[in-house]
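*Asks:* sharing a sequence plus its predicted fold:
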Amino acid sequence: MRDAGVYQGLGAWIDVFDYAPAYQDPGEVPSVTPDDVAGLVDHGVETLYLQATRLDPRSPDGIVDDELVGRILARARDAGIRVVGWYLPKFADLEVDLLRVEQIRSFEYQGHRFDGVALDIEWRRDVPDHAERNTRLVELSQRLRERVGGEALGAIVPPPVLLEVVNTDNWPAFPWPELSGLYDVWLPMSYWTLRASSSGYRDGYVYTEENVRRLRANLGDPNAAVHPIGGIADLAGEDGYRGFVRAAEEAGSVGLSVYDYDTTGSEGWEILAGVGLR
């Protein structure tokens, strides 16, 4: 069994719009710098999830910013925080998608390397036909599994409630059975703050509990390792945070986090710091 320990405990998310100058609006500066990373320890964060590669003109070489990525990685590792690099595949060119993941796996800065890699599976625009997109997703996942061997892989996935209840046209026939076994930890984007109050799902507990339950049923694995991602952080509210944490604990989640680090306030961190996971 592959060791998925890197995904355990409380996590924090940093994306390119937080730290990379190329992704800021004119006249704006990044809200997150490498100096901020050591402070994650004070919040009880065990794993940092860092968007390290992108597929767009602002990151022509793949790695978003070699020096910044390296400094954030080094600061986190020096503080005893694990770091998972994540990438958003677009499925138009699987060779390029694989290259971006390989760039995370091979990246090194002053002797520091990423502890793991995860795919952010949500992009639909470049391959609008869902059947073809499913085929490419499965192929990409299979090829990635072959390359990494015994390394643990994370799958950042759409929440099943979104796909099966809220908007069945979002990603029809998502290939859960074909992906089961290719990934080691499942990180559903359980952002209850994006749901309408009238749906009954704008609730941290309800949305998280049902997403995890449906996810495991879709995978055919009642013991699948799950790390739910809640949020959006600055819209979550105290009740939302507490419900989210309770659902994650009751589900026996290996870890949890909210999206994202930059928008999590002191109230949120206080609640998250007291989480008890398996």
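*Replies:* Here it is on my side, so go on. Residues are numbered from 1 along each chain as shown.

*Asks:* checking the most centrally placed residue in the chain next. Helix, strand or coil?
*Replies:* Compute the mean C-alpha point of the chain, and by C-alpha atoms, centre = their mean the closest residue is Ile156, 4.7 Å away. Of the three states, Ile156 takes strand according to DSSP: H, G, I helix; E, B strand; the rest coil.

*Asks:* give the contact list for it.
*Replies:* Trp86, Ala118, Leu119, Asp120, Ile121, Glu122, Leu187, Met189, Ile229 (C-beta atoms under 8 Å, 6 or more residues apart in numbering). In short, each C-beta sits where N, CA and C put it, glycine included.

*Asks:* format those residues as CSV; extra columns: pLDDT and neighbour count.
*Replies:* Formatted as CSV, these follow (pLDDT from 0 to 100; neighbours: other C-beta atoms under 10 Å):
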residue, pLDDT, neighbour count
Trp86, 98, 23
Ala118, 98, 24
Leu119, 98, 23
Asp120, 98, 18
Ile121, 98, 21
Glu122, 98, 13
Leu187, 98, 31
Met189, 98, 19
Ile229, 98, 25
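
*Asks:* list just the nearest of the residues you listed to Glu132.
*Replies:* Ile121 (15.0 Å; C-beta to C-beta).

*Asks:* correct me, but Gln142 touches Leu182?
*Replies:* Yes - Gln142 lies in contact with Leu182 (C-beta atoms under 8 Å); the separation is 6.4 Å.

*Asks:* out of those two, which sits in the more crowded spot?
*Replies:* The residue with more neighbours, out of Gln142 and Leu182, is Leu182; 16 against 13, by other C-beta atoms under 10 Å.

*Asks:* ok, that one to Gly274 distance?
*Replies:* As judged by C-beta to C-beta, to the nearest Å, Leu182 and Gly274 stand 34 Å apart.
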